[in-house]
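Next one to model:
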Amino acid sequence: MPPDTQRGYISMGNILFQNALKNQNMDRPPIWFMRQAGRYHSHYQELKKVHTFEQLCKNPSLAAETALGPINDFNYDVAILFSDILFILESLGMNLHYNPGPIFEKFFDESQINNIKRPKEVAEDLLFQYEAISLTRKQLPQSKSLVGFVGGPWTLASYATGMNKEQFLTPNFFHEKLVFDILIPSLKENISLQLQSGAEVVYMFDTNAVQLEKDYFCNRYLKQIKQNIFDIFPKKIAYFSKNKNLALIENINEKFSLSGFVHNPERNFTKSLKNNKSGFVQGNFPSESLAKPHIDFKKDFKLFCNRMKRVEIQERLNWVCSLNHGVLPKTPEENVKYFIDYIREKF
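Okay, here's the model as predicted:
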């Protein structure tokens, strides 16, 4: 079981992030990046010289040290659990290792579907995540927020069945049983324990839901997640998918009981801010622009800032300033520092 949650956690956290959750942030936006504790960062690279990726994730002390690196070096407003979305698949009987990306000994098939652990057992196999959250919170400055994360059920299913490289897919009976009957109940237990361990909200990273066509994604898949996860933890789950139909759902935070969502498409970001009067909208500087040489990055960043400055403060009370995805591996650290310092000074 996870470590006991200290009552003191309730009063901790970044006020800007917490106000964005409430759609009432009159000050500058809070800043954090997906993959902010990653390969672009010299702190992470030094740790990787002596530890494997799995060790950094599964040793709670190392996971906390990794998560705190970008907070200490760049002063982000939010820290995130350092782990990986795919570890939950190990508990389903999949042999997983990284070189450097994920490699499975074999993919999940129908012969395994009736011989797996119960959801609580699956969640308890992830004890290292809950301990890492607790340790990170204890070492994190009180003025910083801490969030957890899980993989989206379709994204996990696509990796488990070897379909993650496909462009478009129509789920069949086996896929739906894996997603709805196995992964969603297990994720519900995992989310519950992450929140108990000190995460303020839990992000659901569902990148591969881009494979699902519009009607299925909106009218079946999201409704199943809403009923079985989002509504169980109202305003405690933030959602990310590359499926562009997500950003077209007006007031998605209210409709799906979300704490917020990440706007991935480059277009219509300010429209999403205006259309969502509950919870935050996160984004939306392109990761590719952040990775450019400094002079070229600054040109793109100036255009982005000018666009955001034209948005009235009352229309961006829910803005979490971030990227449209995660920090790319070769991103210059000077770009990250410039981005954060400029937003703090000018907004």
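
What distance do you get for the spatially closest residue to Pro141 that is not a sequence neighbour to Ile252?
Excluding the flanking residues, the one nearest Pro141 by Cβ to Cβ, 6 or more residues apart in numbering is Ile71, at 7.6 Å. To be clear about C-beta, it is placed using only N, CA and C from the backbone, and glycine gets the same treatment. Distance, Ile71 to Ile252, using Cβ to Cβ, to the nearest Å: 29 Å.

Correct me if wrong: Ala20 contacts Pro29.
Yes: Ala20 lies in contact with Pro29 (Cβ atoms under 8 Å); the separation is 6.9 Å.

Quick check: neighbours shared by the two?
Residues touching both Ala20 and Pro29 by Cβ atoms under 8 Å, 6 or more residues apart in numbering: Trp319, Val320.

Look at the two and report which has more neighbours.
Ala20 (28 against 23; other Cβ atoms under 10 Å).

May I have the secondary structure class of the more buried one?
The three-state label given to Ala20 by DSSP: H, G, I helix; E, B strand; the rest coil is helix.

one step back: quick one, what contacts the residue nearest to Pro141?
By Cβ under 8 Å, 6+ apart, the neighbours of Ile71 are Ala79, Leu140, Pro141, Lys144.

where does it land on pLDDT?
Per-residue pLDDT puts Ile71 at 98.

How are the strands of the stretch 51-200 of the chain distributed by residue range?
78-80, 96-98, 102-104, 145-151 (DSSP state E, counting those that start in this stretch).

Could you list the low-pLDDT ranges of the stretch 1-150 of the chain?
Applying pLDDT under 70 to the stretch 1-150 of the chain picks out residues 1-11.

Surely Pro29 touches Leu317?
No: with contact defined as Cβ under 8 Å, Pro29 does not count as touching Leu317 (9.3 Å).

any common contacting residues for those two?
Joint contacts of Pro29 and Leu317 (Cβ under 8 Å, 6+ apart) are Ala20.

What sits closest to Asp125 if chain neighbours are left out?
Here the residue nearest Asp125, using Cβ to Cβ, 6+ apart, is Ser91, at 4.1 Å.

just checking, the one you found touches Glu121?
Yes: the criterion here is Cβ under 8 Å, and Ser91 meets it with Glu121 at 7.2 Å.

ok, now how distant is the residue nearest the centre of the chain from Gly260?
The chain has Tyr203 as the residue nearest its centroid, 4.2 Å off, counting by Cα atoms, centre = their mean. With distances taken as Cβ to Cβ, Tyr203 is found 9 Å from Gly260.

what is in contact with these two at once?
In contact with both Tyr203 and Gly260: Ala238, Tyr239, using Cβ under 8 Å, 6+ apart.

quick one: contacts for Asp125?
Taking Cβ under 8 Å, 6+ apart, one finds Ile88, Glu90, Ser91, Lys117 in contact with Asp125.

List the contacts of the last one.
With contacts defined as Cβ under 8 Å, 6+ apart, Lys117 is in contact with Ser91, Leu92, Asp125.

Just send the residues you listed back as a markdown table, with distance to Ile133 too.
Conversion of those to a markdown table gives the following (distance: Cβ to Cβ, whole Å):
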| residue | distance to Ile133 |
| --- | --- |
| Ser91 | 18 |
| Leu92 | 22 |
| Asp125 | 16 |
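
ok, so of those, who is nearest Asn14?
Asp125 (30.7 Å; Cβ to Cβ).

which residues sit against stretch 250-263?
20-21, 34, 201, 203, 222, 226, 230-231, 234-240, 246-247, 249, 269, 272, 275-284, 318, 320, 322, 324.

Pull out the buried residues from these.
Buried subset of those (neighbour count, 16 or more other Cβ atoms under 10 Å): 20-21, 34, 201, 203, 222, 226, 230, 235-240, 246-247, 249, 269, 272, 275-276, 278-284, 318, 320, 322, 324.

between the contacts of Asp125, which is closest to Asn335?
Ile88 (32.9 Å).

Let's see which of the contacts of stretch 250-263 end up in helices.
Ala20, Leu21, Leu222, Phe269, Ser272, Asn275 (DSSP state H).
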